[in-house]
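In: Test case, fold it:
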Amino acid sequence: MTLDRRSFSASIAAAAAVSAVTGRATAAPVVRARNVVLLHGLFADGSCWTEVIARLQARGLNATAVQNPLTSLAEGVAAATRVLARQDGPTVLVGHSFSGMIVTEAGVHPAVSALVYVAARAPDAGEDYTALAKGFPTPPASAGIVFDGDEGRLTEAAFLRDFAGDLPPARAKVLYAVQEPFQRALLADRTRQAAWRSKPSFYAVSTEDRTIDPGLQRFMAKRMGARTIEVKSSHLSLISHPDEITRLILEAAGQAPGAAA
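Out: All right, here's what the predicted structure looks like:
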């Protein structure tokens with residue numbers, strides 16, 4: 001089954017009309033998509049999606065990981081938008097951790113058919129995420145962030161214990177070695193729009209998360225009316241539980257895991 005651009009646009013317009021009344025995207029239709037664009041968050045790079053990408057490719061989907069510059073929200077959105085512009089047809093936009101901010105902002109792109117948040121930030125338009133997070137327990141990883149001037153990163157101890165706690169230590173150390181530093185100003189950026197108010201949304205909560213509080217994840221998922229799963233995982237469920245995350249992405253793409261792609 002394929003969906004031409006006119007039908008796709010009509011379905012998204014209908015979803016937006018429903019969302020305008022309900023404030024949520026739960027009633028929006030899920031459009032069949034063959035494209036998936038994946039975004040990484042802080043302390044990582046695009047390679048963190050390799051386990052999921054391999055599974056999506058085996059199902060016949062076109063998967064692309066964006067290299068998030070981690071400099072500003074605007075530049076992260078621009079990087080995602082450039083990749084979205086290259087997609088041919090409906091596309092699922094997936095974000096882990098901080099890149100949920102980018103999903104929320106860039107997800108209004110007309111190519112995007114659904115949004116997937118993996119232990120990710122999911123702010124409302126104009127919302128101060130830091131203020132929102134203060135209503136929940138402070139995650140242990142926060143104490144492990146160090147700065148060299150305006151360039152931030154996680155210490156090795158915090159990375160292994162609080163970011164990648166359910167991965168084999170040798171694997172976690174490799175990921176630590178390739179973590180991409182972020183700019184301090186990035187933490188103060190706010191989204192101007194909330195794509196989850198007009199697009200079908202899906203959320204994977206990491207129940208053992210020490211980087212974003214699981215209670216905060218559940219709050220954001222419930223607020224957006226997302227189809228939600230819970231994974232007994234550290235913050236890196238996309239690496240430690242790639243099968244569960246892939247199944248959620250396939251659902252967002254309108255492709256049941258057991259069906260032919």
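In: Every contact and neighbour count from this point should use C-alpha atoms.
Out: Noted.
In: Below-threshold pLDDT in the stretch 1-150 of the chain: ranges please.
Out: 1-28 (pLDDT under 70).
In: Show me which positions of stretch 206-226 end up buried.
Out: Judged by neighbour count using 16 or more other C-alpha atoms under 10 Å, the buried positions of stretch 206-226 are 206-218, 220-221, 223-226.
In: Show me which positions of stretch 155-175 end up buried.
Out: Buried positions in stretch 155-175, judged by neighbour count with 16+ other C-alpha under 10 Å: 155-156, 158-167, 172-173, 175.
In: and what of stretch 63-76?
Out: Quick answer for stretch 63-76 (16+ other C-alpha under 10 Å): 63-74, 76.
In: And those residues, which is closest to Cys48?
Out: Among these, Ala65 lies closest to Cys48 (C-alpha to C-alpha), at 9.0 Å.
In: helix/strand/coil for that closest one?
Out: Secondary structure, DSSP: H, G, I helix; E, B strand; the rest coil: Ala65 is strand.
In: Tell me the bridge partners for it.
Out: On the basis of DSSP bridges, Ala65 is bridged to Leu38.
In: where along the stretch 1-150 of the chain do the helices fall?
Out: Using DSSP state H, counting those that start in this stretch, the helices of the stretch 1-150 of the chain run over 5-22, 50-58, 73-85, 100-106, 129-133.
In: Okay, the most far-flung residue of the chain relative to its centre and Gln183: tell me how far apart.
Out: The outermost residue of the chain, judged against the average C-alpha position, is Gly149 (27.7 Å), by C-alpha atoms, centre = their mean. Using C-alpha to C-alpha, to the nearest Å, Gly149 is found at 9 Å from Gln183.
In: With Leu42 instead?
Out: In terms of C-alpha to C-alpha, Leu42 sits 10 Å off from Gln183.
In: Which one of these two is surrounded by more residues?
Out: More crowded of Leu42 and Gln183, by other C-alpha atoms under 10 Å: Leu42, with 21 against 18.
In: Contact partners for Phe163?
Out: Taking C-alpha atoms under 8 Å, 6 or more residues apart in numbering as the contact definition, Phe163 lies against Ala141, Asp209, Arg210, Thr211, Ser234, His235, Leu236.
In: From those, pick the one nearest Asp88.
Out: Nearest to Asp88, judged by C-alpha to C-alpha, of the contacts of Phe163 is Leu236 at 29.3 Å.
In: That closest one: how many residues sit nearby?
Out: Neighbour tally, Leu236, other C-alpha under 10 Å: 25.
In: Next: Arg55.
Out: Neighbour count for Arg55, taken as other C-alpha under 10 Å: 17.
In: same thing with Lys134?
Out: Residues near Lys134, counting by other C-alpha under 10 Å: 10.
In: Residues contacting stretch 125-143, please?
Out: Contacts of stretch 125-143 (C-alpha under 8 Å, 6+ apart): 121, 123, 154, 158-159, 162-163, 188, 190-194, 210-213, 215-216.
In: just stretch 182-194 next, same as before
Out: Residues contacting stretch 182-194 (C-alpha under 8 Å, 6+ apart): 42-43, 69-73, 101-102, 104-105, 107-108, 123-130, 150-153.
In: Return the closest of the buried residues of stretch 63-76 with respect to Glu244.
Out: Ala63 (16.7 Å).
In: Is the spatially most central residue of the chain bridged to anything, and to what?
Out: Closest to where the C-alpha atoms of the chain average out (C-alpha atoms, centre = their mean) is Gly95, at 1.6 Å. Taking DSSP bridges, one finds Leu39, Tyr117 as the beta-bridge partners of Gly95.
In: contacting residues around it?
Out: Contacts of Gly95 by C-alpha under 8 Å, 6+ apart are Leu38, Leu39, His40, Gly41, Ile102, Val103, Val116, Tyr117, Val118, Ala120.
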